[in-house]
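Undergrad: turn this into a model:
(one chain, ligands or ions: 1)
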Amino acid sequence: MGEQNSLRDEVRAVIATRRGEFAAQCDAWLYGHDPAFTALLAERGLIGITWPREVGGRAAGAVDRLVVTEELLRAGAPVAAHWIADRQIGPAILRYGTPELQREFLPQIAAGEVTFCLGMSESESGSDLAAVRTKAVPVEGGYRITGRKIWTSNAHRSTHAYVLARVPGGEDKHDGLTEFVVDLSTPGIEVRPILDLAGEHHFNETIFDDVFVPSDRVIGAEGNGWRQVTEQLSFERGGVERVLSTYPVLETLLRANRPRPQHASQTGTLVARLHALRGMAVGVAAAVDAGEAPIRRAAMLKYLGTSFEADLVEYGRTVLGSTPRPGRGEADRIVAEGIRRSPGGTLRGGTTEVLLGILARNDGEPQADDELSRLVDEAVADLSRADKPADTVEVWARASGLGWPGAAVAEPAGGGGGDFSDLVTIVRGLARRGLAAPVAESALAA
Ligand SMILES: Cc1cc2nc3c(=O)[nH]c(=O)nc-3n(C[C@H](O)[C@H](O)[C@H](O)COP(=O)(O)OP(=O)(O)OC[C@H]3O[C@@H](n4cnc5c(N)ncnc54)[C@H](O)[C@@H]3O)c2cc1C
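TA: Sure, this is the predicted structure:
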């Protein structure tokens, strides 16, 4: 990412102007709501950077945006105000919205003036998003929306909501789903606070009672919402905020020189995992730049990234050696915050179980190579004996002998020169035969 160095410096310089005015925090992209900081980033042209210049962007790539978000999250900077609009609503409008919708909203998002919350979940529709019951009834000039959205982060501080609602008709539960941009000042909308376990207010229940939404506020085509929202979820899941939400714990502990020699191995393991996850995040961003919607790769990143985030908090607890007390200094404060906030990591944006379901299925992205699949199966067929199944050491010897841990590494670097999908085919082939060995872990580290 060498060509992004000047962009990285630019972001660091902006952060430096405000250093000392904000305390680094975990989940800064959800809890760090600071319109003044958002306005500063907007002024420096750092919101919506992947969008065309005519609508306020820089025509940059997803890898460039990754650099911007990585620097902001590493600093724990307060970026929640514009996060949702910059990450997924802007891109959704750009991909499916009419030119009028794009001209109206994208410049205002890039200027930090319009902010969005996400109205997807309902009390009976979280993981099963297609079960949405909020209704959008067509009327003259638009729709009337009625329903209740729950867990709408920062709805009380946003100007607009993205709302997934159902237009009547259609037999299948995926039919009729439609995406709307809703101005939260429209009559009939009530935003009720929901406090989390720590008493913090970022969640809400957002109630829509016969709310009129003009037709020109539909994103894409009426009834095409399911297809559109599943694409949007790859933006939601595939960013570095699924890896770096608790990163300030690591940096704060290291700066305070808190880890002792007995923590060296844990520290090293975490840094190595972080390195591998960064590589995956760059891969997802590069796929977006290539015009793909990397749904499965984004799910994989979120699954591995959020488990890293949780382990980082546990590491913080171990390094402190006692229950963190917020009044006892920076290290205690940040670890306590990480503990309070980390349960949400594996739920929001798709629970771990749902992500594993996506990874186990064979749809969503290019299929594994059939020939490779057959070769893998042949190579390990003799190991899956019914009488005495091969143990991990035997499977590992076979896998490493065939160079599989290096399957997705470039040939000049000593690997097999394949790509991520080859690795998936290999791991799937082992799983199909019920054979366990740390091939995926070693391949990611490689
Ligand atoms: C911090 C945070 C912020 C959030 N912000 C927003 C927001 O701004 N806007 C918004 O719309 N939503 C938001 N959410 C909601 C979030 O998207 C949902 O909580 C999530 O999709 C899970 O839905 P649910 O809570 O209804 O759980 P359920 O779907 O009821 O799931 C309950 C349990 O069943 C398991 N399960 C469900 N289906 C399956 C399956 N098919 N296979 C295996 N296991 C399954 C789940 O893994 C989970 O353990 C937020 C959540 C959190 C924690």
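Undergrad: contacts, neighbours, all on C-alpha from now
TA: OK.
Undergrad: what kind of secondary structure is the closest residue to residue 196 other than its chain neighbours in?
TA: With sequence-adjacent residues excluded and distances taken as C-alpha to C-alpha, 6 or more residues apart in numbering, residue 196 is closest to residue 203, at 7.3 Å. At residue 203 the chain is in strand, as set by DSSP: H, G, I helix; E, B strand; the rest coil.
Undergrad: ditto for residue 293
TA: coil.
Undergrad: quick one: check stretch 217-230 for contact with the ligand.
TA: No. Using C-alpha under 6 Å from any ligand atom, we find that stretch 217-230 stays clear of the ligand, coming within 11.6 Å at best.
Undergrad: report how many residues lie close to residue 326.
TA: 14 (other C-alpha atoms under 10 Å).
Undergrad: distance of residue 445 relative to residue 240?
TA: 17 Å (C-alpha to C-alpha, to the nearest Å).
Undergrad: higher neighbour count, these two?
TA: Using other C-alpha under 10 Å, the more surrounded residue of residue 445 and residue 240 is residue 240, with 24 against 16.
Undergrad: who's in contact with the residue nearest to residue 196?
TA: By C-alpha atoms under 8 Å, 6 or more residues apart in numbering, the residues touching residue 203 are 150, 151, 152, 153, 154, 155, 193, 194, 195, 196.
Undergrad: mind doing that once more with 6 Å?
TA: Shown in contact with residue 203 (C-alpha atoms under 6 Å, 6 or more residues apart in numbering): 151, 152, 153, 194.
Undergrad: switch the residues you listed over to TSV; also include secondary structure, pLDDT and neighbour count.
TA: Output for the contacts of residue 203, formatted as TSV (DSSP: H, G, I helix; E, B strand; the rest coil; pLDDT from 0 to 100; neighbours: other C-alpha atoms under 10 Å):
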residue	secondary structure	pLDDT	neighbour count
151	coil	97	21
152	coil	98	24
153	coil	98	24
194	strand	98	17
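Undergrad: near the ligand, from the residues you listed?
TA: 151, 152, 153.
Undergrad: distance between the ends of stretch 56-64?
TA: End-to-end distance for stretch 56-64: 16 Å, by C-alpha to C-alpha.
Undergrad: could you list the buried residues of that stretch?
TA: By neighbour count on 16 or more other C-alpha atoms under 10 Å, the buried set for stretch 56-64 is 56, 57, 58, 61, 62, 63, 64.
Undergrad: could you do stretch 406-421 as well?
TA: Buried residues in stretch 406-421 (16+ other C-alpha under 10 Å): 406, 407, 408, 409, 415, 416, 420, 421.
Undergrad: which parts of this structure sit against the ligand?
TA: The chain has residues 117-121, 125-128, 151-153, 344, 347-354 near the ligand, with proximity defined as C-alpha under 6 Å from any ligand atom.
Undergrad: burial of the closest residue to residue 220 other than its chain neighbours, as a residue count?
TA: Nearest residue to residue 220, sequence neighbours excluded (C-alpha to C-alpha, 6+ apart): residue 96, at 4.5 Å. Applying other C-alpha under 10 Å, we find 15 residues neighbouring residue 96.
Undergrad: re the thing from before, nearest to the ligand, of the buried residues of stretch 56-64?
TA: Distance to the ligand across the buried residues of stretch 56-64 (C-alpha to the nearest ligand atom) is lowest for residue 62, with 22.4 Å.
Undergrad: mind picking the two most distant members of the buried residues of stretch 406-421?
TA: Of all pairs drawn from those, the one with the longest distance (C-alpha to C-alpha) is 415 and 421, at 14.6 Å.
Undergrad: re the thing from before, could you list which of the buried residues of stretch 406-421 belong to helices?
TA: If you go by DSSP state H, the buried residues of stretch 406-421 have 420, 421 in helices.
Undergrad: so which helix or strand takes in residue 136?
TA: Applying DSSP states H and E as the criterion places residue 136 in strand 135-139.
Undergrad: what's the angle from the helix or strand following that strand to strand 135-139?
TA: Going down the chain from strand 135-139, the next helix or strand is strand 142-150, by DSSP H and E. Between strand 142-150 and strand 135-139, the angle comes out at 170 degrees (axes from the mean of the first three to the mean of the last three C-alpha atoms, to 10 degrees).
Undergrad: avg pLDDT for strand 142-150?
TA: Averaged across strand 142-150, pLDDT comes to 98.
Undergrad: hey, C-alpha coordinates of it in PDB?
TA: Taking Å, rounded to 0.1, in the frame of the first residue of the first chain, the C-alpha atoms of strand 142-150 are listed here in PDB:
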ATOM      1  CA  GLY A 142     -44.800   8.200  -2.700                       C
ATOM      2  CA  TYR A 143     -45.300   5.700   0.200                       C
ATOM      3  CA  ARG A 144     -46.700   5.600   3.700                       C
ATOM      4  CA  ILE A 145     -44.300   3.700   6.000                       C
ATOM      5  CA  THR A 146     -45.500   2.000   9.200                       C
ATOM      6  CA  GLY A 147     -43.400  -0.200  11.500                       C
ATOM      7  CA  ARG A 148     -40.800  -0.400  14.300                       C
ATOM      8  CA  LYS A 149     -37.100  -0.600  13.900                       C
ATOM      9  CA  ILE A 150     -34.900  -1.600  16.800                       C
END
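Undergrad: off-centre distance for it?
TA: Put simply, strand 142-150 sits 26 Å off its chain's centre (C-alpha atoms, centre = their mean, to the nearest Å).
Undergrad: which strands or helices does the helix or strand just after it pack on?
TA: Next along the chain after strand 142-150, taking DSSP H and E as the criterion, comes strand 160-166. Applying 3 or more C-alpha pairs under 6 Å, 6 or more residues apart in numbering; DSSP states H and E, one finds that strand 160-166 contacts strand 116-119, strand 135-139, strand 177-183.
Undergrad: try it again with 10 Å
TA: Strand 160-166 makes packing contacts with strand 116-119, strand 135-139, strand 142-150, strand 177-183, strand 218-219, helix 225-237 when contacts are defined by 3 or more C-alpha pairs under 10 Å, 6 or more residues apart in numbering; DSSP states H and E.
Undergrad: closest to residue 267 out of the ones you listed?
TA: Using C-alpha to C-alpha, these put helix 225-237 closest to residue 267, at 25.8 Å.
Undergrad: buried residues in that closest one, which are they?
TA: By 16+ other C-alpha under 10 Å, the buried positions in helix 225-237 come out as 225, 226, 228, 229, 231, 232, 233, 234, 235, 236, 237.
Undergrad: okay, those residues in JSON lines with pLDDT next?
TA: Shown next, in JSON lines, are the buried residues of helix 225-237 (pLDDT from 0 to 100):
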{"residue": "225", "pLDDT": "95"}
{"residue": "226", "pLDDT": "94"}
{"residue": "228", "pLDDT": "93"}
{"residue": "229", "pLDDT": "93"}
{"residue": "231", "pLDDT": "82"}
{"residue": "232", "pLDDT": "83"}
{"residue": "233", "pLDDT": "84"}
{"residue": "234", "pLDDT": "76"}
{"residue": "235", "pLDDT": "77"}
{"residue": "236", "pLDDT": "84"}
{"residue": "237", "pLDDT": "86"}
